[in-house]
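> how does the following fold in three dimensions:
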Amino acid sequence: MKINKFEDILVWRKAGELTIATYKSFAKIKDYSFRDQIQRAAISIMNNIAEGFERKGNKELKQFLYFAKGSSGEVRSMLYAAVKLGYISRDDFKSLYKQAFEISKMLSGFIKTL
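Numbers count the residues shown, from 1 in each chain. Just a heads-up that it's a prediction; the model follows:
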């Protein structure tokens with residue numbers, strides 16, 4: 001399948017789902033700096049994929065996919081703290097972690113194809 005726009009990229013769509021789930025899961029958390037950081041990290045995944053694609057070069061795209069992968073790791077790291085602090089349930093942790101890990105694996109595969 002030819003990718004004509006970043007919206008065609010499956011991992012971008014998955015990152016969008018993670019972003020919405022993260023925003024919803026942390027919406028009522030009173031620790032604003034923690035909440036803002038994990039939300040920024042989540043949205044950074046999809047934004048870096050989009051920005052890299054729009055630069056129209058594989059070298060730039062690859063660089064931004066690495067940034068997205070880093071943000072995925074940041075989300076996963078913060079999820080450990082979130083569950084231990086009681087900000088999210090164990091079930092929410094498992095669901096969000098699974099999504100972020102899947103995205104990271106997809107990004108690795110995408111990077112290898114470039």
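
> next, the closest residue to residue 50 other than its chain neighbours: phi, psi?
Leaving out its chain neighbours, the residue that sits closest to residue 50 by Cβ to Cβ, 6 or more residues apart in numbering is residue 6, at 4.3 Å. C-beta here means a position set from N, CA and C on the backbone, and glycine is covered the same way. Backbone torsions for residue 6, taken as degrees, to the nearest 10, come to phi -60, psi -20.

> show me where this protein has helices.
10-26, 32-54, 58-84, 90-113 (DSSP state H).

> residues in contact with residue 49?
By Cβ atoms under 8 Å, 6 or more residues apart in numbering, the contact set of residue 49 is 6, 9, 11-12, 15, 64-65, 68, 107.

> give me that answer again for 6 Å
Residue 49 is in contact with 12, 68, counting by Cβ atoms under 6 Å, 6 or more residues apart in numbering.

> so how many other residues sit close to the residue nearest to residue 23 when sequence neighbours are not counted?
Leaving aside its chain neighbours, residue 23 sits nearest to residue 39 (5.6 Å; criterion: Cβ to Cβ, 6+ apart). Counted by other Cβ atoms under 10 Å, the residues lying close to residue 39 total 19.
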